[in-house]
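mind looking at a prediction? Sequence and model below.
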Amino acid sequence: MLSTHEEQIELPAEWEAQSGILLTWPHTESDWKNNLDEIGKVYLDMCKAISQYQKLLIICYDKQHKEMIENLFKDHAIAKDAYQLSICKTNDTWFRDYGPITVRCDGSLQLQNFIFNSWGNKYHSDLDNAVSRHLYKENYFDENQMKDCDFVLEGGSVESDGHGTILTTSHCLLKRHPDKTKKDVEKLLNNYLGATKVLWLDHGGITGDDTDSHIDNLARFVDKHTIVYCACDDVHNPDHDSLKLMEAELKALSDNEDKPYNLIPLLMPKNIKYDGQSLPASYANFLIINQAVLVPVYNVPEDKNALEVLQKCFPERRIIGINSTAMIKQFGSLHCASMQLPAGVLH
């Protein structure tokens with residue numbers, strides 16, 4: 001158990017009340033440039049679903065891009081008061097990893113602006129790394145303060161139960177900080193996110209994942225006592241062994257009451273490929289919004305099981321399947337593409 005500090009900091013759970021969802025719409029300067037129509041349909045489906053429950057704040061590349069989105073939303077009857085559009089140049093669209101992370105700090109909300117280096121300097125990230133500060137200067141975040149954090153951290157690499165416990169993977173965080181030990185990183189997570197307990201997974205990984213095993217593609221809290229996780233019973237699946245080892249690790253973890261977690265398996269889809277390359281398709285990459293959960297589906301038989309499992313996890317919420325076969329071609333899915341803002345943040 002990590003010690004607490006003078007400030008009372010806590011990272012809210014995703015299922016808590018939200019004021020909005022942040023997205024970056026795919027554009028001609030992103031990796032989507034060769035299939036904008038295909039990926040645009042996925043983003044449109046996301047926005048149609050989200051706009052029924054809460055606000056959207058969408059990053060556009062330039063004025064022409066903004067006008068295109070406005071016309072698209074008009075054609076599909078998305079109300080003008082359901083969204084805001086902000087012009088800001090970006091390298092790519094994976095907002096989860098370069099967007100602000102909101103914490104409660106001494107009872108007030110604070111936006112944390114971490115360093116984004118494109119998953120260990122794999123790609124260009126100078127524009128993406130500046131987006132959070134741009135939105136803050138444009139006054140989208142009401143009167144909440146933004147803190148610049150001297151720490152490389154991606155939103156998809158940490159999962160919170162809303163009560164001080166952070167679930168993460170050693171492969172990702174230690175690779176981002178090769179000069180630090182687990183204890184060093186835990187102290188930083190305590191300092192910035194208020195983590196009083198850090199649960200590390202040393203195993204688990206999905207072929208094709210270029211994030212170095214982000215937790216949001218592997219295991220997710222659905223309440224403070226329950227974790228859903230990627231499970232694989234197919235011995236021919238290349239990820240079978242690593243996911244079985246991860247399952248064993250999860251069984252050894254305990255919650256804040258020192259009880260074993262209620263573990264619920266999400267059976268992996270069959271090995272999905274594009275141009276001969278395996279894609280990191282995962283049902284764990286779902287997005288929780290107000291009164292609903294958006295779940296990636298891939299036009300495979302396993303979709304039905306994933307939707308049923310998550311409906312049992314969230315009985316009071318509507319489960320909405322979003323065809324994400326186009327999105328997974330760039331190695332991410334719904335959760336990777338979005339960032340929630342807790343209630344009281346979006347102006």
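The structure has been received and is ready for your questions.

the helices in the stretch 51-200 of the chain, which residues?
Assignment of helices within the stretch 51-200 of the chain using DSSP state H, counting those that start in this stretch yields the ranges 63-75, 95-98, 118-121, 131-137, 170-176, 182-193.

closest one to residue 87 among those helices?
Comparing the helices of the stretch 51-200 of the chain by their distance to residue 87 (Cβ to Cβ), the top pick is helix 63-75, with 5.8 Å. Heads up, the C-betas are built off the backbone N, CA and C, glycines and all.

now stretch 284-296: mean pLDDT?
Averaged across stretch 284-296, the pLDDT comes to 98.

contacting residues around the helix ranked longest in the chain?
In the chain, taking DSSP state H as the definition, the longest helix is helix 36-50. Residues outside helix 36-50 that contact it (Cβ atoms under 8 Å, 6 or more residues apart in numbering) are 21, 23, 25-28, 32, 56, 58, 72-73, 76, 78, 83, 287, 289, 292, 294, 320, 322-324, 326-327, 330, 334, 337-338.

from these, which land in helices?
72, 73.

PyMOL command to pick out the buried ones of the contacts of helix 36-50?
The following PyMOL selection, which keeps only the buried ones among the contacts of helix 36-50, applies the criterion 16 or more other Cβ atoms under 10 Å:
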select buried, resi 21+23+25+26+27+32+56+58+73+78+83+287+289+292+294+320+322+324+326+327+330+334+337+338
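
out of the contacts of helix 36-50, list just those in strands.
21, 23, 56, 58, 83, 287, 289, 292, 294, 320, 322-323, 338 (DSSP state E).

and these as CSV, adding distance to residue 222?
Output for the ones in strands among the contacts of helix 36-50, formatted as CSV (distance: Cβ to Cβ, whole Å):
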residue, distance to residue 222
21, 19
23, 23
56, 24
58, 27
83, 28
287, 13
289, 14
292, 14
294, 14
320, 16
322, 18
323, 23
338, 17
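
hang on, the earlier thing: with mean pLDDT as extra columns, can I get the helices of the stretch 51-200 of the chain in a markdown table?
Shown next, in a markdown table, are these (pLDDT from 0 to 100):
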| stretch | mean pLDDT |
| --- | --- |
| helix 63-75 | 98 |
| helix 95-98 | 98 |
| helix 118-121 | 96 |
| helix 131-137 | 97 |
| helix 170-176 | 98 |
| helix 182-193 | 97 |
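
need the winner for burial among those.
With neighbours defined as mean count of other Cβ atoms under 10 Å, those peak in mean count at helix 95-98, which reaches a mean of 26.

what does that helix rub up against?
Taking contacts as Cβ under 8 Å, 6+ apart, the residues outside helix 95-98 that touch it are 22-24, 59, 116, 119, 125, 128-129, 131-132, 154-157, 211, 216, 335-339.

the helices in the stretch 201-347 of the chain, which residues?
Defined through DSSP H, counting those that start in this stretch, the helices belonging to the stretch 201-347 of the chain, from first to last, are 240-252, 302-313.

mean pLDDT added to these, as a markdown table?
Rendered in a markdown table, the data for these read as follows (pLDDT from 0 to 100):
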| stretch | mean pLDDT |
| --- | --- |
| helix 240-252 | 97 |
| helix 302-313 | 98 |
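
nearest to residue 267, out of the ones you listed?
Counting by Cβ to Cβ, residue 267 lies closest to helix 302-313 out of those; the figure is 5.5 Å.

flag every buried residue along the closest one.
302, 303, 306, 307, 309, 310, 313.

need the nearest residue in space to residue 211, chain neighbours excluded.
Take residue 211 and drop its neighbours on the chain: the residue closest to it by Cβ to Cβ, 6 or more residues apart in numbering is residue 119, 5.3 Å away.

so the one you found touches residue 210, yeah?
Yes. Using Cβ atoms under 8 Å, residue 119 is in contact with residue 210, at 6.2 Å.

and residue 7, how many residues sit next to it?
Residue 7: 11 surrounding residues under other Cβ atoms under 10 Å.

okay, it: pLDDT?
What the model reports for residue 7 is a pLDDT of 76.

residue 277 too?
Note on residue 277: pLDDT of 87.
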